[in-house]
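S.K.: Sequence first, predicted coordinates after that:
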Amino acid sequence: MVIGGGVVGASVLYHLTKAGWKDVQLIERAELTSGSTWHAAGGMHTVNGDPNVAKLQQYTIELYKEIERISGQSCGVHITGGLMLAGTRERLDWLKMAKARGRYLGMDLEIISVDEAARLFPLLEKKHFTGAMYDPIEGHVDPYGVTHAYAKSAQLGGAEIVRHTRVIDLESRADGSWNVITDHGNVHAEHVVNAAGLWAREVGRMVGIELPILAMEHQYLITGDMQELVGKKEQLHCIDFEGEIYLRQERGAMLMGTYERAGVPWSPLTTPWDFGQDLLPNDLERIAPSLEVGFAHFPALGAAGIRKVVNGPFTFAPDGNPLVGPIRGLKNFWVACGVMAGFSQGGGVGLALSRWMVDGDPGADIWGMDVARYGDWTTLAYTNAKVRENYSRRFSIRFPNEELTAARPLRTTPIYEKLLAEHAVFGDYCGLEHPLWFAPTAAEAEDHISFRRSNAHPHIKAECQAVQVSVGLLEISNYGKFEVRGPAAAEWLSRMMANRVPAVGRIALTPMLNERGKLIGDFTMCRAAAEHFFLVGTYAAETYYLRWFERHMPATGVSVRSCAMEYVGLSVAGPHSRALLQSLVRDDLSTAAFPFMSFRRMEIGMVPGYVGRLSFTGELGFEIWVTTDYQRALFDLLVRAGREYQLKLFGGRALNSMRIEKSFGSWAREYRPIYGPFEAGLDRFVDFKKGEFIGRAAAAEEKQSGGALRLLSFSVDATDADALGDEPIWHEGRTVGWVTSGAFGHRVNQSLALGYVPATLAKADAGFEIEIIGERHKAQRLAAAAFDSSGKLMRT
Ligand SMILES: Cc1cc2nc3c(=O)[nH]c(=O)nc-3n(C[C@H](O)[C@H](O)[C@H](O)COP(=O)(O)OP(=O)(O)OC[C@H]3O[C@@H](n4cnc5c(N)ncnc54)[C@H](O)[C@@H]3O)c2cc1C
């Protein structure tokens, strides 16, 4: 049962029939398209900041031919090609990076001069622009046509569509199926999909969840008919980033829309049920600054006057990407909502969700739109602040070192003020403040945003050097933590994880695989007692992991819970870390008594905690986990005792640099559900001898075949900008792969990158290049980690 007949619900319905489900129904409150769909501008494009979402956008645009053919209903597709205009050097850099990313996605993007842009789009005033990117696959569609083409195709595939029927409540049954209560009687459904668009929050509330979405008012205008368009080929779709406007031709006129800075949420708390094919009152004053810029950049539009203004609401998640997938804790309840670009993304959303429902797996890397990327912190007010920020920044550049400011600070640990007093520059991770780097003075505690090395570079260098020669102290509270207990805990973990479960007092690193043998997690498994484990992993994936754990939970014998904010952490790393910690604990920390990968409950001064001997920096190091109430005391103790060892605070940026020097991967970068453990170089953490575990058969096959890809480490001849992630890797003049992470390695004084290439190139020595901001730089494959490849430092 799909609730909602907008473009997204219709796409989900079609894809379910395509995947072989015939007994499917869509319920629509009014007529199809009665939410945000009917008044959309219908623009579509393939470019997206997340390459995996970009792939689904490509799929969506290609799908229109298919549904037109099946249904006989025109989608009104106009592939005009598109221009993205740059008004500054930074924007041109950004476009070059987007073009580079498009390369390994098979997109045919081109950077062109202003003259060339003006030839393609004569309405622009050249003096406002510095260059442009041309994309041949852009244009617009008819929202009504697309929705009906999906719907008819679904009906031909066996689906039923019920109109003028509103779902008013949902009741779960003991077997996991649903009673769908409507104003025209009840329906029993095995699965329910919430594709209710503008009302997705209300449908979520029927099952007790608060989805992080908010509708914003959005305005576009249509000019009077323009002489300039008469007898000409249809104008290109055009985005003017600095003007913060988009344009396309609408019959003999132009359509111009804007994402204004002072965006206004619509119905922030509840969406009225009597809102239908309605428009909101115009507010030209609000978009006046954008119109002024628009008419200066495209003077002919100003002269043509305004014939019509459309103001309609549509929904956004805090990061602007869709919310798709099963909801943790609810059986057979799925969402496909928060889709702000239904005509670029609707097809991909329908495909991924239908596969998930039918095959148990979305079949693609959809982490960027998985509803599980959000957790408890996305309250209504948080969502409101972030969505408004996202809307106002729709056409802004997001610099790699830029931390957004809305809804902050929200979550802090007890030492937040102490770190602030040490001039920490904070980042926001899942709403939690965590230190990125430390400035020498309060006045310098600010990142100058840039694609190139920033003002933070020398300070991060000093942090890395301190870790290398003395000892560094890092807050590590922003890791995900889970406690697993019970008589069946070890047996259950052995089935869930690819590596062997550690003995009591030991730690094991382990990938977690899905049935297809792909990486869906990487954990540090610490065993405190026979029936008591701590798992440490990525915090952003907490709900994602819990959803997976709960799906595979036996009836008795094991319990799992998140204890992410119950246990906060500090880590000491560097050659003096042992001496420092030894001065505070009674336990013997020598390698003989407490070797690498040991884990034990200890008292650090007066503070009880768990100490693990492990290292993400590559140096000798210890991670200390304590309950929140002890963190301040522990911090003061370590800082005081650390004076003797020249202890220096360091942050997440230095950690990132050091883990790349060690070729250590990280979730959502090197480890994602499109890679297998052998491709990712995690072979030594997959134990085939221990018996059955999820993904074993597929992993064995990958081991046999060697996999298609290989994660490699590179040193890069970069000058003032390092690779960051998503840059293309070239080999002998061809794009062969992509960077997953990059940074300057301060301990090895070398720019570094990690990335995937075809397995056939795993041993290639020469011919690699990495493209950074549009320029190809020579890259050397590293046969081993750049820093301490033998791992001696962290083991002794
Ligand atoms: C002015 C404007 C311009 C836009 N321009 C573009 C553009 O150029 N390109 C682009 O890609 N996107 C654009 N969009 C966004 C686009 O409209 C949305 O991405 C898309 O409509 C989302 O579709 P949906 O199916 O998720 O939601 P909706 O269209 O809101 O559909 C939800 C449907 O569910 C039904 N429903 C809800 N609750 C119930 C219930 N309880 N029982 C039964 N039925 C229910 C509703 O009646 C509705 O028909 C624009 C939007 C606006 C407002």
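M.R.: Cool, got the structure. Residues are numbered from 1 along each chain as shown.

S.K.: And the pLDDT for residue 105?
M.R.: Note on residue 105: pLDDT of 83.

S.K.: Looking at the stretch 551-700 of the chain, which residue is nearest the ligand?
M.R.: residue 673 (24.5 Å; C-beta to the nearest ligand atom). Backbone N, C-alpha and C define where each C-beta goes, glycine included.

S.K.: Spell out which parts of the stretch 101-250 of the chain neighbour the ligand.
M.R.: Residues of the stretch 101-250 of the chain lying close to the ligand by C-beta under 6 Å from any ligand atom are 166-167, 195-199, 203, 218, 220.

S.K.: which one of those residues sits closest to the ligand?
M.R.: Once C-beta to the nearest ligand atom is applied, the member of these that ends up nearest the ligand is residue 197, at 2.0 Å.

S.K.: Any figure for the gap between residue 506 and residue 536?
M.R.: Distance of residue 506 to residue 536, given as C-beta to C-beta, to the nearest Å: 14 Å.

S.K.: Who has more neighbours out of those two?
M.R.: residue 536 (24 against 16; other C-beta atoms under 10 Å).

S.K.: show me the contacts for the more buried one.
M.R.: Taking C-beta atoms under 8 Å, 6 or more residues apart in numbering as the criterion, residue 536 is in contact with 479-481, 523-524, 526, 623.

S.K.: Return the member of the residues you listed nearest to residue 649.
M.R.: residue 623 (15.7 Å; C-beta to C-beta).

S.K.: secondary structure element for that closest one?
M.R.: If you go by DSSP states H and E, residue 623 is part of strand 621-627.

S.K.: That strand pairs with which strands, parallel or anti?
M.R.: Applying DSSP bridges, strand 621-627 is found paired with strand 567-573 (antiparallel), strand 607-612 (antiparallel).

S.K.: And those strands: which comes nearest residue 67?
M.R.: Once the strands paired with strand 621-627 are compared by C-beta to C-beta, strand 567-573 is nearest, at 50.4 Å.

S.K.: mind checking how far that closest one is from the chain centre?
M.R.: Mean C-alpha position of strand 567-573 versus that of the full chain (C-alpha atoms, centre = their mean, to the nearest Å) differs by 26 Å.

S.K.: What of stretch 762-773?
M.R.: From the chain centre to the centre of stretch 762-773 is a distance of 26 Å (C-alpha atoms, centre = their mean).

S.K.: Please apply the same query to stretch 150-160.
M.R.: That offset, for stretch 150-160, works out to 32 Å (C-alpha atoms, centre = their mean).

S.K.: Going by neighbour count, list what's buried in it.
M.R.: 150-155, 157, 159 (16 or more other C-beta atoms under 10 Å).

S.K.: again with stretch 50-67
M.R.: 50-61, 63-64, 67.

S.K.: Nearest to residue 456 among the buried residues of stretch 150-160?
M.R.: Once C-beta to C-beta is applied, the member of these that ends up nearest residue 456 is residue 150, at 47.9 Å.

S.K.: what's around the residue lying closest to residue 683 once chain neighbours are set aside, how many residues?
M.R.: What sits nearest to residue 683 in space, not counting adjacent residues and going by C-beta to C-beta, 6 or more residues apart in numbering, is residue 677, at 6.4 Å. Neighbourhood size, residue 677 [other C-beta under 10 Å]: 28.

S.K.: what about residue 677, is that helix, strand or coil?
M.R.: coil (DSSP: H, G, I helix; E, B strand; the rest coil).

S.K.: residue contacts, it?
M.R.: Residue 677 sits in contact with 498, 511, 513, 517, 519, 683, 685-686, 699, 702, where contact means C-beta under 8 Å, 6+ apart.

S.K.: which ones among those are found in helices?
M.R.: Among the contacts of residue 677, the residues falling in helices (DSSP state H) are 699, 702.

S.K.: buried subset of the contacts of residue 677?
M.R.: Buried, going by 16+ other C-beta under 10 Å: 498, 511, 513, 517, 519, 683, 685-686, 699, 702, out of those.

S.K.: Would you tell me what the next helix or strand after the strand or helix carrying residue 467 is?
M.R.: In this structure, residue 467 sits in helix 457-469 according to DSSP H and E. Later in the chain than helix 457-469, the nearest helix or strand by DSSP H and E is strand 472-475.

S.K.: Tell me which other helices or strands the very next helix or strand once past that next one touches.
M.R.: Using DSSP H and E, the helix or strand that directly follows strand 472-475 along the chain is strand 479-485. Counting contacts by 3 or more C-beta pairs under 8 Å, 6 or more residues apart in numbering; DSSP states H and E, strand 479-485 is packed against strand 532-538, helix 542-551, strand 559-562.

S.K.: Show me the one of the ones you listed that comes nearest residue 727.
M.R.: That would be strand 532-538 among the helices and strands packed on strand 479-485, by C-beta to C-beta, at 22.5 Å.

S.K.: Name the residues of the closest one that are buried.
M.R.: 533-538.

S.K.: That one pairs with which strands, parallel or anti?
M.R.: In the sheet, strand 532-538 lines up against strand 479-485 (antiparallel), strand 519-529 (antiparallel) (DSSP bridges).

S.K.: give the contact list for the closest residue in space to residue 616 that isn't next to it in sequence.
M.R.: With sequence-adjacent residues excluded and distances taken as C-beta to C-beta, 6+ apart, residue 616 is closest to residue 659, at 5.2 Å. Applying C-beta under 8 Å, 6+ apart, we find residue 659 in contact with 616-618, 666.

S.K.: and if we set it to 10 Å?
M.R.: 615-618, 665-666, 670, 741, 743, 754, 785, 787 (C-beta atoms under 10 Å, 6 or more residues apart in numbering).

S.K.: same question, residue 62
M.R.: With contacts defined as C-beta under 10 Å, 6+ apart, residue 62 is in contact with 46, 137, 347.

S.K.: Kindly confirm my reading that it is in a helix.
M.R.: Yes. According to three-state DSSP, residue 62 belongs to a helix.

S.K.: Residue 53 versus the residue most central in space within the chain, what's the distance?
M.R.: Central residue of the chain (C-alpha atoms, centre = their mean): residue 368, 3.7 Å from the mean position. The gap separating residue 368 from residue 53 is 5 Å, by C-beta to C-beta.

S.K.: residues touching the nearest residue to residue 477 once chain neighbours are set aside, list them.
M.R.: Spatially, and ignoring its direct neighbours in sequence, residue 477 is nearest to residue 568 (3.9 Å; C-beta to C-beta, 6+ apart). With contacts defined as C-beta under 10 Å, 6+ apart, residue 568 is in contact with 413-415, 432, 475-479, 481, 609, 624-631, 634-635.

S.K.: Stretch 220-234: which residues count as buried?
M.R.: 220-223, 226, 228-229.

S.K.: Now do stretch 520-539: distance from first to last residue.
M.R.: Taking C-alpha to C-alpha, to the nearest Å, stretch 520-539 runs 14 Å from one end to the other.

S.K.: Could you shift the numbering so residue one becomes 55, and keep it that way?
M.R.: Fine by me, first position is 55 from now on; the one you just mentioned is stretch 574-593.

S.K.: Distance from the chain centre to that stretch, please.
M.R.: On C-alpha atoms, centre = their mean, the centre of stretch 574-593 falls 23 Å from that of its chain.

S.K.: Now the two most distant members of the buried residues of strand 586-592.
M.R.: 587 and 592 (17.2 Å).

S.K.: How about the residue nearest to the centre of the chain, nearest residue that isn't a chain neighbour?
M.R.: residue 104 (3.9 Å).

S.K.: Grab the nearest non-local neighbour of the residue in the stretch 655-804 of the chain that the ligand sits nearest to.
M.R.: Going by C-beta to the nearest ligand atom, the ligand is nearest to residue 780 of the stretch 655-804 of the chain, at 22.8 Å. With sequence-adjacent residues excluded and distances taken as C-beta to C-beta, 6+ apart, residue 780 is closest to residue 155, at 5.0 Å.

S.K.: need the contact list for the one you found.
M.R.: Residue 155 touches 101-105, 108, 161, 163, 779-782, 792-793, 825, counting by C-beta under 10 Å, 6+ apart.
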